[in-house]
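[1] Please work out how this folds:
(one chain, ligands or ions: 1)
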Amino acid sequence: MTKGFDRVSGLVDSYSQDMVRTMKEMIPIRAVSPMSGGEGEMERARYLEGVLKSWGLSTHRYDYTDGTGTARPNIISTVGDGQGVIWLVGHMDTVAEGDRSLWKTDPFALRLEGDLMYGRGTSDDGQGVVSCMYALRALVESGITARYKVGLALVADEELGSRFGMQKLMEERKLFGKRDMFVVPDSGNSDGSVIEIGEKGLLWLKITVNGRQVHASTPGLGVNAFRESIEFLHEVDVMLHSKYSKKNALFRPSMSTFEMTKHEKNVDSTNIVPGTDISYMDCRVLPDYRLDDVVKDVREVAGRKTRARIDVEEYVRDDPAPVTDANAEVVKLLESSITELRGIKPKKIGIGGGTCAAFPRKKGMQAAVWMTEQDVAHQPNEYARVGDMVADAKVFAHMAL
Ligand SMILES: [Zn+2]
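    Numbers count the residues shown, from 1 in each chain. Sure, this is the predicted structure:
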């Protein structure tokens with residue numbers, strides 16, 4: 001048993017009611033991105049900062065103004081003065097509730113049902129936020145001198161790309177050292193047996209095919225944008241899957257994925273040949289490849305088309321970050337804490353989604369994504385388990401001892 005852990009673990013257990021209360025008070029304070037019509041994280045940040053200060057922790061705020069003129073808050077707090085720094089990163093923003101009729105109860109009033117806490121943002125990323133905060137509290141109140149310094153980063157804007165959150169925060173030069181370690185509780189599985197060490201790059205393409213609209217009885221007079229679109233997408237699909245076919249066993253699925261997804265409505269009538277056709281592709285690309293090459297290859301196919309002009313637009317783009325070494329210190333620490341506390345040996349994996357871990361990784365720092373969760377993010381009736389929230393806080397505190 002790691003020295004001092006008994007005391008820290010007991011403290012975390014004694015906080016469990018407080019942790020539920022923090023969740024209950026946080027969830028009604030909405031924090032949807034102003035870029036998708038929400039109110040932003042400011043009020044929620046003020047509340048959480050107040051909780052940290054009530055424990056005697058000192059906090060610093062880094063606010064960045066987004067395209068709507070709204071200040072996006074990021075909270076930093078550190079405890080201890082050990083050699084390395086372990087950063088615990090949780091994001092305060094949430095997505096909107098979606099179709100309200102699919103929720104059994106108010107998404108913004110925490111509903112507690114046994115061990116389950118229902119509400120928008122309970123799992124993504126409320127659980128991460130609360131378990132990180134209380135890990136710090138336990139370390140401070142235990143009075144134990146931990147081996148590592150622990151930093152808490154409660155960040156903004158994760159759901160829409162982190163431009164005013166983690167990405168920007170990484171540029172605060174005094175804050176992070178080359179050897180700092182990052183733990184991001186924002187993805188995981190139901191028993192905490194997977195540690196994510198790599199993420200695919202993300203590319204959303206908007207493909208606009210410009211033909212010429214005519215009556216369907218005289219197609220020869222126009223250019224059917226829908227047909228051109230079908231042919232183009234099929235050619236691109238075959239090309240991408242054959243050219244970018246490398247497998248990387250770390251990832252699930254092990255290959256890059258290229259999917260046609262959204263297709264915009266074109267004409268209203270069956271007897272009209274559409275002059276414009278707009279579709280979208282979702283591409284998740286292994287770190288072995290460069291997104292620049294993918295875009296170039298798709299545009300090359302578009303350039304060869306003579307009947308219609310095809311525009312290929314990068315709609316959303318997140319270049320893949322380097323994979324964190326499976327033997328990096330942060331992975332080892334997390335692994336040994338999980339094994340000591342739960343008696344399991346976690347697997348190291350890569351995923352298709354993106355988290356805040358990408359930003360330190362792009363700066364050459366080590367980051368691991370881990371939490372115990374039920375995979376209900378962004379769904380109606382999203383929930384988190386009280387037991388997971390408490391148990392994860394123990395793992396985070398254990399890492400520092
Ligand atoms: Zn999240």
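[2] which residues touch the nearest residue to His398 once chain neighbours are set aside?
    Setting aside the residues directly before and after it, His398 is nearest to Ser337 in space (Cβ to Cβ, 6 or more residues apart in numbering), at 4.2 Å. From N, CA and C alone the C-beta is placed, and that goes for glycine too. Contacts of Ser337 were listed using Cβ atoms under 8 Å, 6 or more residues apart in numbering, and they are Val395, His398, Met399.
[3] mind checking how far Ser337 is from Glu172?
    Ser337 sits 28 Å away from Glu172, going by Cβ to Cβ, to the nearest Å.
[4] next one: Gln379
    Gln379 is 34 Å from Glu172, where distance means Cβ to Cβ.
[5] ditto for Gly343
    39 Å.
[6] And those two? Which one has more around it.
    Between Gly343 and Glu172, Glu172 has the larger neighbour count (other Cβ atoms under 10 Å), namely 12 against 7.
[7] name the element the more buried one belongs to?
    With the criterion set as DSSP states H and E, no secondary-structure element contains Glu172; it sits in neither a helix nor a strand.
[8] still on that earlier bit, mind checking what secondary structure the residue nearest to His398 has?
    Assigned state for Ser337: helix (three-state reduction, DSSP: H, G, I helix; E, B strand; the rest coil).
[9] How much space separates it from Val331?
    In this structure, Ser337 lies at 11 Å from Val331, with Cβ to Cβ as the measure.
[10] ditto for Glu158
    Glu158 sits 22 Å away from Val331, taking Cβ to Cβ as the criterion.
[11] Excluding sequence neighbours, find me the nearest residue to the most centrally placed residue in the chain.
    Taking Cα atoms, centre = their mean, the centroid of the chain lies closest to Thr355, which sits 3.2 Å from it. For Thr355, the nearest residue in space outside its immediate sequence neighbours is Asp186; the separation is 4.7 Å by Cβ to Cβ, 6+ apart.
[12] Check Leu102 too.
    Pro380 (3.7 Å).
[13] Could you report the neighbour count for the residue nearest to Val376 when sequence neighbours are not counted?
    In space, and not counting its chain neighbours, Val376 is closest to Glu382: 4.9 Å by Cβ to Cβ, 6+ apart. Taking other Cβ under 10 Å as the neighbour definition, Glu382 ends up with a count of 24.
[14] How many residues are close by Asp81?
    Based on other Cβ under 10 Å, the number of other residues close to Asp81 is 10.
[15] From Ala367, how far off is the residue nearest to His398?
    Distance, Ser337 to Ala367, using Cβ to Cβ: 16 Å.
[16] Also Pro360?
    The separation that Pro360 has from Ala367, given Cβ to Cβ, amounts to 5 Å.
[17] out of the two, which sits in the busier spot?
    For Pro360 versus Ala367, neighbours defined as other Cβ under 10 Å are more numerous around Ala367 (29 against 24).
[18] Contacts for the strand or helix carrying the more buried one next, please.
    Applying DSSP H and E as the criterion places Ala367 in strand 366-369. The contact list for strand 366-369, computed with Cβ under 8 Å, 6+ apart, reads 181-188, 195-197, 199, 324-325, 328-331, 334, 351, 355, 357-358, 360-361.
[19] Around whichever residue of the stretch 151-300 of the chain sits closest to the ion, count how many other residues there are.
    Closest residue of the stretch 151-300 of the chain to the ion, Cβ to the ion: Asp186 (4.3 Å). Asp186 has 26 neighbours, counted by other Cβ under 10 Å.
[20] Assign a three-state SS to it, would you?
    When the structure is split into helix, strand and coil by three-state DSSP, Asp186 lands in coil.
[21] Looks like it contacts Cys356 (just checking).
    Yes - here Asp186 lies in contact with Cys356, judged by Cβ atoms under 8 Å, at a distance of 6.6 Å.
[22] so what's in contact with the two at the same time?
    In contact with both Asp186 and Cys356: Val89, His91, Glu158, using Cβ under 8 Å, 6+ apart.
[23] give me every residue that touches the second one.
    The contact partners of His91, taken as Cβ under 8 Å, 6+ apart, are 125, 128-129, 154-159, 165-166, 186, 356.
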